Structure formats: structure tokens, C-alpha cells
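Student: this one's sequence-less:
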């Protein structure tokens, strides 16, 4: 994700790659299915459409000593089917807030899809006080959980 946010607290840069045993088109459809995404994103309690490409969600998160519920918005800013999504998010909870932007890119090779992601998230409140090292580690764990959940969901599809 590119750093578009000049405001907010400390930033956490996310970057990674995952390989999913599913064809490119199937992974693309899954990433654009809000109900499926709600089942894959760790801690999601609800994900409701606000309009085209914009969603309101409620997420329970535990990062280090901080546990909380966050309400936020997710917006798909740009789609380049079936290869690229650009997302923006913002959320607020008792433990602080976050704002961020990210990019998900797909590269298919038969029945295998490589998913690359990058992003920047800026934090406020207690979340910001945890420090970049703790937040980066927690973010990587959540990303791995998301992709493991996505792979499981795709395995059950015909």
C-alpha cells in the first residue's frame, strides 16, 4: 500500500506474498465477494455494504495487551480485473483508530495464484503506543490467518 496518509500516529508497513492453490479467476471472485471476505478476515463480526465498493464493518481484534472492537469502513478504490485491487480503510474503537491504504495483486499460473500485498496503516490512541515492532508482527499474523482462511474457503468451492 502506498503511504497516502500524512496524518495520524505511527505507521506500520505491511508487505507479503502468499500462494493459493486455486486459479486466478477463482481467487479474484473470492476477493470481490463481501460475504466470503467476512468469513476470512480474522475477528469480523459484521460486514455490510454501504453502496457500491464501500462497506461498514465491526471487527474484534487482540493485539498484544490490547483487545477491542473496532467499527470501520472499507472502500475498494480501484479494480483492475483480475489482477489488482486498491483499498482504503479507516476504523475507530476505544483502544484507538487506524487509517490505511493497500494494494492486492494477483498473478496466476494454472491452478496456482500468487497474491502479493502491500500497505501502510497509521494508528492513534493505545494502538499507536504498542510500537511498530509489535504491530508489524501482529499484522503479519493476521494476514497469514486471512490467507489461510481464504485458501480453506476456496477448497470447499466446486
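Tutor: Done, it's in. Every value quoted in this text rests on a predicted model; they were computed, and no experiment measured them.

Student: by contact count, what packs against the biggest helix by length in the chain?
Tutor: With secondary structure taken from DSSP state H, the chain has its longest helix at helix 132-156. Applying 3 or more CB pairs under 8 Å, 6 or more residues apart in numbering; DSSP states H and E, we find helix 132-156 packed against strand 11-20, helix 24-31, helix 34-40, strand 54-63, strand 112-124. Using the backbone N, CA and C atoms, a C-beta is placed for each residue, glycine as well.

Student: what's the closest of those to residue 158?
Tutor: helix 24-31 (10.1 Å; CB to CB).

Student: Now do the contacts for the nearest residue to residue 115 once chain neighbours are set aside.
Tutor: Once flanking residues are discounted, residue 115 sits nearest to residue 18: 4.8 Å by CB to CB, 6 or more residues apart in numbering. Neighbouring residues of residue 18 by CB atoms under 8 Å, 6 or more residues apart in numbering: 114-115, 117, 143-144, 147.

Student: if we can go back for a sec, show me what the longest helix of the chain is in contact with.
Tutor: With CB under 8 Å, 6+ apart, helix 132-156 has contacts from 10-14, 16, 18, 20-22, 26-27, 30-31, 36, 39-42, 61, 63-64, 115, 117, 121, 123, 127.

Student: how far is that helix from where the chain is centred?
Tutor: On the basis of CA atoms, centre = their mean, to the nearest Å, helix 132-156 sits 9 Å off its chain's mean C-alpha point.
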